[in-house]
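Visitor: below are the sequence and a predicted model for it; my questions follow.
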Amino acid sequence: MPRSSLHQQYLESYIFFMIIQALFRPAQTLEDLSQELTTDINCISAIQQARYLNSRPPVLKSSSLHLAWEWAQSPADHHRFVNMLRVSPEVFCNATIQVCS
C-alpha cells in the first residue's frame, strides 16, 4: 500500500474529527450547523491549499562565531553547529572551559 501524503493524512484526520464531533456534539440549530459547516469547509480548503504543512524556522545568517553561538542555543540547530565546528556544543563548551582555565 503506497504511503499517503501529509496533506492526505491531515485531511483524513480532520474528517475523522468532523465525524466524532457530529456524533458526540450535534448542532442544536440550523445556524450552528451552518457555522460548523462553514468552518469545516474553510479548514479543509486551508489544508488543501497549504504548500508546506510543517514550517521550518529561518536559517540564521551572520558572522561565523556569532552564528555558532546562536546555533548552540537551539537544539533544532545543533546539527548546523556540529557541521560547522565538527563537535557538539557541549564538547565545544567543555574544551573552551579547559583552555580558559
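Guide: Arrived safely, thanks for sending.

Visitor: what's the distance between Ala95 and His78?
Guide: 16 Å (CB to CB, to the nearest Å). To be clear about C-beta, it is placed using only N, CA and C from the backbone, and glycine gets the same treatment.

Visitor: ah, wrong one, I meant Met84
Guide: 11 Å.

Visitor: before we move on, the earlier item: compare Ala95 and His78 (neighbour count), which wins?
Guide: Higher neighbour count among Ala95 and His78: His78, with 15 against 12, using other CB atoms under 10 Å.

Visitor: what sits closest to the more buried one if chain neighbours are left out?
Guide: Closest residue to His78 apart from its sequence neighbours, by CB to CB, 6 or more residues apart in numbering: Pro89 at 6.2 Å.

Visitor: my guess is the one you found meets Phe81, correct?
Guide: Yes: applying CB atoms under 8 Å as the test, Pro89 and Phe81 come out as touching, 5.4 Å apart.

Visitor: the more surrounded of the two?
Guide: Remark: of Pro89 and Phe81, Phe81 carries more neighbours, 22 against 19, as counted by other CB under 10 Å.

Visitor: name the SS class of the more buried one, please.
Guide: helix (DSSP: H, G, I helix; E, B strand; the rest coil).

Visitor: domains of the chain: list them as residue ranges, please.
Guide: 6-49, 64-100 (automatic domain parsing).

Visitor: quick one: end-to-end distance for the longest one.
Guide: With CA to CA, to the nearest Å as the measure, domain 6-49 spans 13 Å from end to end.

Visitor: and for Val87, the neighbour number?
Guide: Val87, neighbours per other CB under 10 Å, totals 13.

Visitor: thought it was touching Cys93?
Guide: No: assessed by CB under 8 Å, Val87 is found out of contact with Cys93, at 9.6 Å.

Visitor: okay, now Ala46: neighbour count?
Guide: Counted with other CB under 10 Å, Ala46 comes out at 11.
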